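Chemist: take this sequence and fold it.
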Amino acid sequence: MKRKITKAIFPVAGLGTRFLPATKSIPKEILTLVDRPLIQYAIDEARAAGIKEFIFVTARGKSALEDYFDHAPELEATLRKQGKKELLDTLKATNMDSGAIAYIRQHKAMGLGHAVWCAKRLVGNEPFAVILTDDVIAAEKPCLQQMVEAYAETGGNIVAAMEVPPERTSAYGILDIGEDMGSMVTVKNMVEKPKAEEAPSNLAVIGRYILTPNIMQNLSRLKKGAGGEIQLTDAIAEEIRRGEKVYGFRFRGQRFDCGSKAGFLQATVAFGLAREDLNGEFSQFLAEMTALRRAAE
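Modeler: Here you go, the predicted structure:
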């Protein structure tokens, strides 16, 4: 019998250097996409997938991230007194129940695999999800929920995947595909950041995973891989070598790389246009800016 996925790991120990100087004092994960921090998008997606326990792998300088999920009694009291129920409901949605959230420190930046391994004791002998907050996915049904539903049918390890241009394979973990079943593929191997001419496909792993407890054991034995870091990809590839099931899942939705400035701006435009309260004014502004640029050219 497959166990339900109720735990998720959020590796949030990165320094966010691509967003300096903003991230000098503000964790990258609470930079706002329209009016919600990146971490809130990840939490909402996890909740929709049935996640009950939220494990954050953090580092020094992330106290503002921890404070974000705490209650704000003075602010709540003020909104309640002013009769601002809609804002009060929005604020309450950011709160986490006592005991639902845990924080683990990653003392050295040793890669994604090491960050996931840091949560080993809290995961125990259960399957778990991993969500990378840099990857924000706009989807009618949240990406992790799609994956949890697929897991209920297949079990095993599942990684979210999408096609990328061949020249971009060196930025991703790439799947070597066995059987292609449409939304799902079986995986023969995983290669971390291969050159375009060495990539086995253009199907790239992005920041959503459902993993079995064996992954933690694999991570315990791993040495440093690509980039001098402990790679989660290598731990998953070890499962394939042992004959265990690993699947790639082509999710339905649009992924934005909010770990890059260009991706963050693209997501801001897309999510802004999707908002009924912003669409009209924002669309007009974008049209005017486009017209001005064309005139200037």
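Chemist: average model confidence for the helix or strand E153 falls within?
Modeler: Secondary structure from DSSP states H and E places E153 in helix 143-154. Averaging pLDDT along helix 143-154 gives 95.
Chemist: buried sites along it?
Modeler: Neighbour-count burial for helix 143-154 flags C143, L144, Q145, Q146, M147, V148, A150, Y151, T154 (criterion: 16 or more other C-beta atoms under 10 Å). For glycine as for every other residue, the C-beta is placed from the backbone atoms N, C-alpha and C.
Chemist: from what I see, the last one and V246 are in contact.
Modeler: Right, the one you point to is T154. No - if you go by C-beta atoms under 8 Å, T154 and V246 don't touch, sitting 10.2 Å apart.
Chemist: using CSV, list the CA coordinates for the helix holding E153.
Modeler: Extracted as CSV, the C-alpha positions of helix 143-154 are listed here (Å, rounded to 0.1, in the frame of the first residue of the first chain):
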residue,chain,number,x,y,z
CYS,A,143,1.8,21.0,-10.1
LEU,A,144,2.4,19.1,-6.9
GLN,A,145,-1.2,18.0,-6.7
GLN,A,146,-0.9,16.6,-10.3
MET,A,147,2.2,14.7,-9.2
VAL,A,148,0.6,13.3,-6.0
GLU,A,149,-2.3,12.0,-8.1
ALA,A,150,0.2,10.4,-10.4
TYR,A,151,2.1,8.9,-7.5
ALA,A,152,-1.1,7.3,-6.2
GLU,A,153,-1.2,5.3,-9.5
THR,A,154,2.5,4.5,-10.0
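Chemist: check which helices and strands that helix sits against.
Modeler: helix 38-48, strand 128-131, strand 157-163, strand 203-211, strand 246-250 (3 or more C-beta pairs under 8 Å, 6 or more residues apart in numbering; DSSP states H and E).
Chemist: quick one, the last one and strand 203-211 angle?
Modeler: Using axes from the mean of the first three to the mean of the last three C-alpha atoms, to 10 degrees, the interaxial angle of strand 246-250 with respect to strand 203-211 works out to 120 degrees.
Chemist: adjacent strands (with direction) for strand 246-250?
Modeler: Partners of strand 246-250 in the sheet, by DSSP bridges, are strand 157-163 (parallel), strand 184-192 (antiparallel).
Chemist: any idea of the mean pLDDT for that strand?
Modeler: Strand 246-250 comes out at a mean pLDDT of 96.
Chemist: by how many degrees do that strand and helix 143-154 diverge?
Modeler: Strand 246-250 and helix 143-154 are oriented at 140 degrees to each other (the same axes, to 10 degrees).
Chemist: in whichever strand or helix holds A287, what counts as buried?
Modeler: Applying DSSP H and E as the criterion places A287 in helix 276-296. Within helix 276-296, the residues that qualify as buried are F282, counting by 16+ other C-beta under 10 Å.
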